[in-house]
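Enquirer: Next input, structure requested:
(chains A, B, C, D, E, F, G and H)
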Protein chains: 8
Amino acid sequence: MKVVVLVGSRSDLEAAEKVKQRLESLKVPCDVHVASAHRTPEKVDRLVADPEADVFVAMAGLSAALPGAVAARTLKPVVGVPLNRGLGLDSLLSVVQMPPGVPVASVGLDASENAALLAAEILALKHPEVLAALRAYRAKWKEEAPAPAPPAA
Amino acid sequence: MKVVVLVGSRSDLEAAEKVKQRLESLKVPCDVHVASAHRTPEKVDRLVADPEADVFVAMAGLSAALPGAVAARTLKPVVGVPLNRGLGLDSLLSVVQMPPGVPVASVGLDASENAALLAAEILALKHPEVLAALRAYRAKWKEEAPAPAPPAA
Amino acid sequence: MKVVVLVGSRSDLEAAEKVKQRLESLKVPCDVHVASAHRTPEKVDRLVADPEADVFVAMAGLSAALPGAVAARTLKPVVGVPLNRGLGLDSLLSVVQMPPGVPVASVGLDASENAALLAAEILALKHPEVLAALRAYRAKWKEEAPAPAPPAA
Amino acid sequence: MKVVVLVGSRSDLEAAEKVKQRLESLKVPCDVHVASAHRTPEKVDRLVADPEADVFVAMAGLSAALPGAVAARTLKPVVGVPLNRGLGLDSLLSVVQMPPGVPVASVGLDASENAALLAAEILALKHPEVLAALRAYRAKWKEEAPAPAPPAA
Amino acid sequence: MKVVVLVGSRSDLEAAEKVKQRLESLKVPCDVHVASAHRTPEKVDRLVADPEADVFVAMAGLSAALPGAVAARTLKPVVGVPLNRGLGLDSLLSVVQMPPGVPVASVGLDASENAALLAAEILALKHPEVLAALRAYRAKWKEEAPAPAPPAA
Amino acid sequence: MKVVVLVGSRSDLEAAEKVKQRLESLKVPCDVHVASAHRTPEKVDRLVADPEADVFVAMAGLSAALPGAVAARTLKPVVGVPLNRGLGLDSLLSVVQMPPGVPVASVGLDASENAALLAAEILALKHPEVLAALRAYRAKWKEEAPAPAPPAA
Amino acid sequence: MKVVVLVGSRSDLEAAEKVKQRLESLKVPCDVHVASAHRTPEKVDRLVADPEADVFVAMAGLSAALPGAVAARTLKPVVGVPLNRGLGLDSLLSVVQMPPGVPVASVGLDASENAALLAAEILALKHPEVLAALRAYRAKWKEEAPAPAPPAA
Amino acid sequence: MKVVVLVGSRSDLEAAEKVKQRLESLKVPCDVHVASAHRTPEKVDRLVADPEADVFVAMAGLSAALPGAVAARTLKPVVGVPLNRGLGLDSLLSVVQMPPGVPVASVGLDASENAALLAAEILALKHPEVLAALRAYRAKWKEEAPAPAPPAA
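Expert: Numbers count the residues shown, from 1 in each chain, chains lettered A, B, ... in the order given. Predicted coordinates:
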């Protein structure tokens, strides 16, 4: 069991680390890689072919092609995270408005926390220890909300 | 194994039926229900508690609260489908911009096809026959794209 | 007579306190609670069932489900206040574009002042002392405008 | 007890009639008037001064000044209904983004149904027969949602 | 000959002063007043009735009713200046999307400079000394552009 | 005394004719020309140099350069009319968001009626017969609003 | 010398044919292919490797990844044409807001005519007969504008 | 061989210098000029007539007329760069939504890097040394992405 997180450039690694930390707190192993649909498609190919990966998280800003590029290469679930690197709406619409046949599970702008939770929920269907960790997370969450992301701009 | 599709009103049933048809073509059983977070929260409670449901698809227009309402009641994956019943952007932003702790896997506006594919991909992690059906779908899709949805307005 | 203000998370308490202060200056008692439609729906249930509450004010950012969740639980008036926690338009559209049957009285983005005034106007229909306080407020307001909120982003 | 509905031009009367019909079904008397903040401010003055009016509903498109003009003239609650006569966003933002001191209770674009319900809820605080009618409405609504408005454009 | 500049609140006086300074550099006398369509409509009435005023400049943010309120009271030209006090688009659309019969000459967001130039151009049709000043301004401008306004948010 | 109306292409002539008809009803002579900043800049030069022209009206869609092109060539007032030929917002923002030094008096999307009224108001400062016609127009308008333009899309 | 036009699905062929017709009228040979970055990346690889291709035109709707996918595979110029298949803004922002390192020459929404002209201008730098054809086109265009595209939605 | 970069005002020179530096690193000579379609059209005429110029880059904010003004004066390729000086969307839509017959190759908001790359790609069709430099750039880029531009507002 593993989640593979891909970001298009090194400057997006901070957002990826938040996904990884939340996943590991939920008992889900997680790898983070810089791999771009445009710059290093072979690396994307290689990462997507990883047989241990169950779910992918792809994070990108501007015209965010990475989530769709991953989704077109695999039949495993792909979570897309639009990052606010321009107008906000640009990456949001690029990630969520996918053409039919290339499903991406979009979360909100800069929503690392929800991306990790969504990936964990998918894995919890098979992995009782992840479900148990999610239950503990949610029990705590019911008492105190996580801090919201700062305003987009 | 089952996907449960929820729509907020009878007028959204046509969009739900498209999800169901695609899922059944992928060997995934699917129930469709009209159940509103606002009008019939107990019915949402009851449907979400269905132990046979593995994935939920929630479809709504305008200020679309249903996907988040389902996601807050379960730790199973929830796919949200914004329906264009107003400005387009209203349901899109309502579905995708969820606060931290309530993950919704948003697909595009009126994107019934991708909602079904995403749900099937999640189930294919455990169900080889669904994976096989997805492979057949994708092989055919590689030759011919599904018809895109009509312009949003 | 009482106004009950609900915010979805502790980080929104500052905006709620502004509502409370303005209401109390208008002779309207006001309680503030953190209660989330997603995290603590039972608490929302309980607060909404308060027989002393006449008007509710619900404040939330991002995909703001709280105002609608309150409005669906009561037949008392609900004022919704979209808070700018992302794109601005996301919470604004989520609060104002409610489906038919779930009326929310939306004020502007981060508009704590107007939310308090609107709640007071509703109560002034029955409570002459609130009407008198509103008249005094408006007389002073006619001479000097309240400071506008800062730019949204 | 009375609700006074104001529309800026004769072409908006159809939307006003929907408000009136819903209100009358809820035992709330309702007058409809064409009165423009720009064309006939004296008529607005006169209508707003009506001592029998308890709540106002003001409906307008484009740069919709009427709801604010009514709200500035009275301390009674004013419900604003943005009508889609241009971009949609123009009237929506004009009605909801009021400056501090001029509270307008905005409902959604073309949302006649919710405007009537909101006005009735305000009156139900004093009028048990309106509350009873709202309860009956909501009981029926819980079984069947009202038809949503058509797409905005 | 005189231009009368109206702003809705004291916090907008800085923008008004820029209009005044540019106008005076173009030989156009200019008065600045705080007067709100909502708070002090009688003051707006009185200022608009000034027989020496030839052109009005009305500046406001959020749902900006002031330019239309002035335009409805006079048949003299009214220049509207949307000020960025919220989303930017809110005041812009409120000022420019006027209903038929209430013409407002909108300039851009926070565009004090262009508001002054437009008012001066209108006056230059009758006043040769203003035309001469505009010619001198433009000759200089052809050599060096005025500094643009900073980004809106 | 004359208003010169310029449209960028023959397909915009219908909107220009509405300006002309309203102006002539207000005793203002009006010429209509097809002249494009891009295609026929010399024709724009020639038309702008017309000594009998007092006010220009420039109408264009998409990225609407014509109003600014006229404004940069003259010190007479230029009214800009954004026409809805694409997204609506494209021409609206192109006409209203002019850089400092090039003032354009923008009216709303497809707002031929207000463009004519604004031009007439400018001319009425010198021409008593135009002021008289505007007074008659407004007296009639106070009784009946002109039909609003249809929704933009 | 050749321009290769790629569209993501058969339903976009009509837009591609307009590019081809205009290019051929300008003496530029043109091939049209259906090839999707997601469905048939090997076909995109093969088409992009065509040594006779000098310029590519890539057309797509929704989250439009095709122009960027082509641009990342070649150092030849790539013209991107956003097609209106959803909100309009989705494909427009997806095509124009490319990350640094992947240049796409975006034209407007559904702007087949300008895509062809831009490709021809690039080729005219080396091919005098294309320059001559462009000169003839422009001479004619100076007399009569091409019909604009219909409103986007 | 030469690229000529035009910016509308001195305050845009920093963005132009980035284009120049990138071009020179790619062996492409580059001149930068301040020249405005509105202020100094004769200078634009003169620069566009430069027989050594092969490609133009035009950069502007707000209602950005400069790229179209250059494109209308030449049959050489014109790259347009919208600069964020207001709402962001204003210059973006002004540059990309050109009417048919005036092709502009738009890159993203503030996208100096991509503007230089696009111009170099066009020149590389004739100039092998530029192609070689682009190949070296891309080889390095494949290993490390350039830093993305900061958020637009």
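
Enquirer: average model confidence for the lengthiest helix in chain A?
Expert: Ranked by number of residues, the top helix in chain A under DSSP state H is helix A:128-143. What helix A:128-143 shows for mean pLDDT is 95.

Enquirer: Could you pull out the buried residues of it?
Expert: For helix A:128-143, the buried set under the neighbour-count rule, 16 or more other C-beta atoms under 10 Å in any protein chain shown, comprises A:130-131, A:133-134, A:137-138, A:141-142. Heads up, the C-betas are built off the backbone N, CA and C, glycines and all.

Enquirer: Low-confidence ranges, chain A, go.
Expert: By pLDDT under 70, the low-scoring segments of chain A are A:145-153.

Enquirer: and the spatially most central residue of chain A, which of the three is it?
Expert: The centre of chain A sits closest to residue A:57, judged by C-alpha atoms, centre = their mean, with a distance of 2.7 Å. Following DSSP: H, G, I helix; E, B strand; the rest coil, residue A:57 is assigned to strand.

Enquirer: shouldn't it be in contact with residue A:115?
Expert: Yes - using C-beta atoms under 8 Å, residue A:57 is in contact with residue A:115, at 5.2 Å.

Enquirer: list the contacts for the closest residue to residue A:17 other than its chain neighbours?
Expert: Residue nearest to residue A:17 in three dimensions, not counting chain neighbours: residue A:32, with 6.8 Å by C-beta to C-beta, 6 or more residues apart in numbering or on different chains. Shown in contact with residue A:32 (C-beta atoms under 8 Å, 6 or more residues apart in numbering or on different chains): A:5, A:7, A:13, A:16-17, A:19-20.

Enquirer: can you tell if stretch A:48-65 touches chain G?
Expert: Yes - using C-beta under 8 Å from any C-beta of the partner chain, stretch A:48-65 comes into contact with chain G via A:60-63, A:65.

Enquirer: Can I get the buried part of those residues as one ChimeraX selection?
Expert: Selection of buried members from the residues of stretch A:48-65 next to chain G for ChimeraX, criterion 16+ other C-beta under 10 Å:
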select /A:60,61,62,63,65
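
Enquirer: CA-only coordinates of stretch A:135-143, as CSV, when you get a sec.
Expert: C-alpha atoms of stretch A:135-143 as CSV (Å, rounded to 0.1, in the frame of the first residue of the first chain):
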residue,chain,number,x,y,z
ARG,A,135,-11.9,7.3,12.7
ALA,A,136,-9.5,8.6,15.3
TYR,A,137,-8.7,11.6,13.1
ARG,A,138,-12.4,12.4,12.6
ALA,A,139,-13.2,11.9,16.3
LYS,A,140,-10.6,14.5,17.1
TRP,A,141,-11.7,16.7,14.2
LYS,A,142,-15.2,16.7,15.6
GLU,A,143,-13.9,18.6,18.6
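
Enquirer: Just give the number of residues close to the closest residue to residue A:50 other than its chain neighbours.
Expert: Closest residue in space to residue A:50, ignoring its immediate chain neighbours: residue A:4 at 6.2 Å, by C-beta to C-beta, 6+ apart. Residue A:4 is flanked by 24 other residues according to other C-beta atoms under 10 Å in any protein chain shown.

Enquirer: most surrounded residue in the contacts of residue A:32?
Expert: residue A:5 (31 neighbours).

Enquirer: Surely it is in a strand?
Expert: Yes - using three-state DSSP, the assignment for residue A:5 is a strand.

Enquirer: From what I see, it and residue A:22 are in contact.
Expert: No - taking contacts as C-beta under 8 Å, residue A:5 lies outside contact range of residue A:22: 10.8 Å.
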